[in-house]
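Engineer: pasting the structure only:
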């Protein structure tokens, strides 16, 4: 049963069959589900390889699986048997004008566009792959190949520094949602379905290009230098307060910089240095060129003030800043649970957990998360509905 | 003029008015443009603050701006004047059933949903903000607050390690594209527009929750430990080859691990350790628990083989791996330009640069990039068209 609120969610009625694992495809499907679509995730007997993936809850349940499959229906089928494969095809074929949409990162021949188009001529089929040549890749290998780990970390880092956020998986999942919605619009206007392939490595390559890193690499022959936590081409950096906390301080405009110089009481010293160097610290490029000098002048102010004092001093200024927190601090912060998109939900198989919903705030579409299903919880109901149609 | 290929791009006909700056909103608009939409970016006189943003080309042109505005039309207006503001409203109002869509990260009252709904009742308006309480935030400050920098980097890192990829900006831009397409589907079915707010900080919070970090922080009270380049909950790590290169090696399944043990000739030693420890290295959790032992046994093999030898040995195995490259190496690699989504384009104002198109591969939609416009290049044409309608 849909609530009234869900009825006015923008994707109400849309039906997506997802055969997936890990981050990208599940996130793509979940994003559509959080906008009101009915997303049916189909797993093989016993679950896909992500069923038990870390992080785990104290009782052993996968917080990873629970986080990436919220609001879906879960169907388990013997995908090695012709009957199981036929059941998937029937679900794809039978689901009306708003159905016939497949999202997968699996390469089974029976699940391919060509195979399923036989049962549904206007099929929309989006498959996530590794590389565009068909070879395998995961977020960690893609990120190594694309350049970021050799530009991340302290200036004197010896080797690569991988970031912990699986950013390419996240971007890939969101691109998948975009691709499906764009194709659905086209189908609605023309009646035509389409086959879409989305290689994870191409997501990374495309975004690396969009952000200018590729063209920069072409021109410099060295690429972006390693500059620790400094912002490239401006002035931003981390500072440690007298309380031992770290804060990120960002100045993107002359006003940000002027406010920072003023509240730290370093205005005169900075102006003297600026004049002596023939620089103009109102300009991004000059703040960047002299970033170590500026940081050295500011650091003692942060070190000699508590985090509370820093907070008080920066309040009401234009300076962009935040305190670095651990995940545990984020989870414990009162403002986290106060955010409309965060709830303490009762997750079947795990218990009470902090979960997040949709960051797109809009009337008629709940931002609050709903739990993930237990693996296979909807198998009977979904197959029963399919027999009726 | 649209080519035949562009006519069958899925978003052909859709028209988006973008008043934007920096990464997220421009990336959202560009993603729609790369899928066939007409995206008109409107800038104030002289350009928005990102017009001169680093990285820069040798001639001073912004590779950042060029990268994030490909395939758009550029209009410059005096946005401080009533006439300029009225011109924007006219563009929003006049553009037919597929128009009336605004994407912005600007907070001008005259550009708000409430103001523009007066000229277009079925307006779709998506505004990107900092925090959901309306306060400012940028990728760097959001990332500090959400937990990743204190979990990234070597185990003995003293402070935060920021990643260089503006991952939240990227995710936010893609969420914006999703939000607009979902709203457009709803409008097509119901005639109703909607106001959507997308706070950058909420994108980070939502994704951190989806990936399980928030619930993990809730349970552990410490959050994810810092483990350098190791994969959490499995076995993957960087190794240095005898050539001095670094490679990322990933084993997500028992087969990956068995292949790695075999090709490195460490099968017997690993099995002996496994038995002595009472462990089962076919299990992710046991490979993770004993990751330092496994890595220590494997590292000498990598160190005593050249990168070519490592490549040859891993060829044909199931092991997931890649060599770490710099951005410059990525730009120079023959396979980069051979990728269908990469082209050397002639970028007005800059010259020949490597640029990337759409990672969503599909018949009828070109993946190849087209250049960004010069700032204001389409002002006259767009205003002339508006007068005609």
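Structural biologist: Structure's in. What do you need? Just so you know, these numbers come straight off a predicted model, no measurement behind them. Residues are numbered from 1 along each chain as shown, chains lettered A, B, ... in the order given.
Engineer: The stretch 151-300 of chain A: strands as residue ranges?
Structural biologist: Ranges of strands within the stretch 151-300 of chain A are A:194-199, A:235-240, A:246-251, based on DSSP state E, counting those that start in this stretch.
Engineer: In its sheet, which strands sit next to the second one, and in what direction?
Structural biologist: This means strand A:235-240. strand A:246-251 (antiparallel) (DSSP bridges).
Engineer: Find out how far the strand it pairs with is from the centre of the chain, if you would.
Structural biologist: Centre-to-centre, strand A:246-251 and its host chain are 23 Å apart (CA atoms, centre = their mean, to the nearest Å).
Engineer: Name the residues that touch that strand?
Structural biologist: A:229, A:231, A:234-241, A:256-257, A:260, A:287, A:298, A:302, A:307, A:310, A:319-324, B:138, B:140-141, B:143-144, B:159-160, B:162 (CB atoms under 8 Å, 6 or more residues apart in numbering or on different chains). All C-beta spots, glycine's among them, are computed from the backbone N, C-alpha and C.
Engineer: Of these, grab the buried ones for ChimeraX.
Structural biologist: Per 16 or more other CB atoms under 10 Å in any protein chain shown, the buried members of the contacts of strand A:246-251 correspond to this ChimeraX selection:
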select /A:229,231,234,235,236,237,238,239,240,241,256,257,260,287,298,302,307,310,319,320,321,322,323,324 /B:138,140,141,143,144,159,160,162
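Engineer: Which of the contacts of strand A:246-251 fall within helices?
Structural biologist: Here DSSP state H is the test, and the contacts of strand A:246-251 give A:256-257, A:260, A:287, A:298, A:302, A:307, A:310, B:140-141, B:143-144 as lying in helices.
Engineer: which residues touch the nearest residue to residue A:238 once chain neighbours are set aside?
Structural biologist: With sequence-adjacent residues excluded and distances taken as CB to CB, 6 or more residues apart in numbering or on different chains, residue A:238 is closest to residue A:229, at 4.6 Å. The contact partners of residue A:229, by CB under 8 Å, 6+ apart, come to A:237-238, A:248, B:149, B:159-162.
Engineer: For those residues, give me TSV that also has pLDDT and distance to residue B:52.
Structural biologist: Below are those laid out as TSV (pLDDT from 0 to 100; distance: CB to CB, whole Å):
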residue	pLDDT	distance to residue B:52
A:237	97	21
A:238	98	25
A:248	98	23
B:149	97	27
B:159	94	31
B:160	97	28
B:161	97	28
B:162	96	23
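Engineer: For residue A:331, state which of the residues you listed is nearest.
Structural biologist: Minimum distance to residue A:331 across these is 16.3 Å, recorded for residue B:149 (CB to CB).
Engineer: neighbours of the closest one, just the number please.
Structural biologist: Using other CB atoms under 10 Å in any protein chain shown, the number of residues around residue B:149 comes to 27.
Engineer: buried set for the strand or helix carrying residue A:89?
Structural biologist: When elements are assigned from DSSP states H and E, residue A:89 belongs to helix A:82-94. For helix A:82-94, the neighbour count (16+ other CB under 10 Å) marks A:84-85, A:87-89, A:91-94 as buried.
Engineer: ok now that helix, how far from the chain's centre?
Structural biologist: How far helix A:82-94 lies from its chain's middle: 31 Å, per CA atoms, centre = their mean.
Engineer: Show residues contacting it.
Structural biologist: A:17, A:19, A:40, A:42, A:75, A:77-79, A:99-100, A:102, A:108, A:110-111, A:115-116, A:119-120, A:123, A:382-383, A:386, A:389.
Engineer: cutoff 7 Å now
Structural biologist: For helix A:82-94, the external contacting residues (CB atoms under 7 Å, 6 or more residues apart in numbering or on different chains) are A:17, A:40, A:42, A:77-79, A:100, A:102, A:110-111, A:116, A:119-120, A:123, A:383, A:386, A:389.
Engineer: what's the first-to-last distance across stretch A:350-359?
Structural biologist: Chord length of stretch A:350-359, first to last residue, is 24 Å (CA to CA, to the nearest Å).
Engineer: before we move on, back to that, buried subset of the contacts of helix A:82-94?
Structural biologist: Buried members of those, scored by 16+ other CB under 10 Å, are A:17, A:40, A:42, A:77, A:79, A:100, A:102, A:111, A:116, A:119-120, A:123, A:386.
Engineer: Please flag which of those residues sit within helices.
Structural biologist: A:116, A:386.
Engineer: what's the closest of the buried ones among the contacts of helix A:82-94 to chain B?
Structural biologist: residue A:123 (12.6 Å; CB to the nearest CB).
Engineer: quick one: contacts for the closest residue to that closest one other than its chain neighbours?
Structural biologist: Once flanking residues are discounted, residue A:123 sits nearest to residue A:193: 4.4 Å by CB to CB, 6+ apart. Residue A:193 sits next to A:100, A:122-124, A:187 when contact means CB under 7 Å, 6+ apart.
Engineer: And the pLDDT at residue A:193?
Structural biologist: On the pLDDT scale, residue A:193 is placed at 96.
Engineer: Based on its surroundings, how many neighbours for residue A:186?
Structural biologist: When neighbours are defined as other CB under 10 Å, residue A:186 has 25 of them.
Engineer: Roughly how far does it sit from residue B:122?
Structural biologist: Distance, residue A:186 to residue B:122, using CB to CB, to the nearest Å: 21 Å.
Engineer: and if you look at residue A:142?
Structural biologist: For residue A:142, the distance to residue B:122 (CB to CB) stands at 40 Å.
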